[in-house]
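[1] what's the 3D shape of this:
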Amino acid sequence: MRGFTLLEILVAMAILALAVPVMLGNVSQDIALAGEGKFLLTASLLAQEKMTELTTGTPPGTGSQQGDFGDGYAGYSWRLDVREVELPGERTRGVALHRLDLRVESRHGRGLPYSLRRYLLAGRGE
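    The predicted model follows:
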């Protein structure tokens with residue numbers, strides 16, 4: 001009856017000692033990527049919804065606004081910055097181009113915020 005030698009057991013233990021931390025590191029990275037993917041999906045949907053809400057009807061004036069998404073999306077907040085963009089040329093008189101930058105953040109996220117930019121063309125009230 002033949003069993004494993006001490007050398008074979010030590011080699012097997014060394015292989016496990018090297019492989020297990022690598023596998024656990026991959027699992028940890030997968031969990032982090034899944035969390036970031038969830039944030040990006042949720043933030044992009046919230047940003048599209050908020051941008052549609054803000055630009056339906058009367059466009060927002062220049063300046064900044066901020067808020068949150070309520071109890072349904074606790075921890076998510078938004079900030080809108082609106083600036084007028086100068087248009088060159090004589091033919092653009094009476095027309096205003098506004099740049100809207102919407103930023104969605106999560107206090108739970110460790111990554112970068114999600115940003116959405118939209119341009120609105122409107123008549124200038126003179």
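[2] Give me the nearest residue to the residue most central in space within the chain, chain neighbours excluded.
    Residue closest to the average C-alpha location in the chain (Cα atoms, centre = their mean): Tyr114, at 2.9 Å. Residue nearest to Tyr114 in three dimensions, not counting chain neighbours: Ala43, with 3.6 Å by Cβ to Cβ, 6 or more residues apart in numbering. For glycine as for every other residue, the C-beta is placed from the backbone atoms N, C-alpha and C.
[3] what's downstream of the helix or strand that the one you found is a member of, the next helix or strand?
    Per DSSP states H and E: Ala43 is located in helix 6-55. Moving toward the C-terminus from helix 6-55, the next helix or strand (DSSP H and E) is strand 63-68.
[4] Which strands or helices does that next one pack on?
    Packed against strand 63-68 by the contact rule (3 or more Cβ pairs under 8 Å, 6 or more residues apart in numbering; DSSP states H and E) you find strand 76-85.
[5] Could you check the helix or strand following the strand it packs on and say which residues are buried?
    Sequence order places strand 95-106 as the next helix or strand after strand 76-85, per DSSP H and E. For strand 95-106, a neighbour-count test (16 or more other Cβ atoms under 10 Å) marks Ala96, His98, Leu100, Leu102, Arg103, Val104, Glu105, Ser106 as buried.
[6] separation between Arg107 and Tyr114?
    Arg107 sits at a distance of 14 Å from Tyr114 (criterion: Cβ to Cβ, to the nearest Å).
[7] typo on my end, it should be Gly89
    34 Å.
[8] wait, the residue nearest to the centre of the chain sits on Leu45?
    No: taking contacts as Cβ atoms under 8 Å, Tyr114 lies outside contact range of Leu45: 9.9 Å.
[9] Please work out which residues outside stretch 83-96 touch it.
    Thr62, Leu97, His98, Arg99, Asp101, Tyr119, Leu121, Ala122, Gly123, Arg124, Glu126 (Cβ atoms under 8 Å, 6 or more residues apart in numbering).
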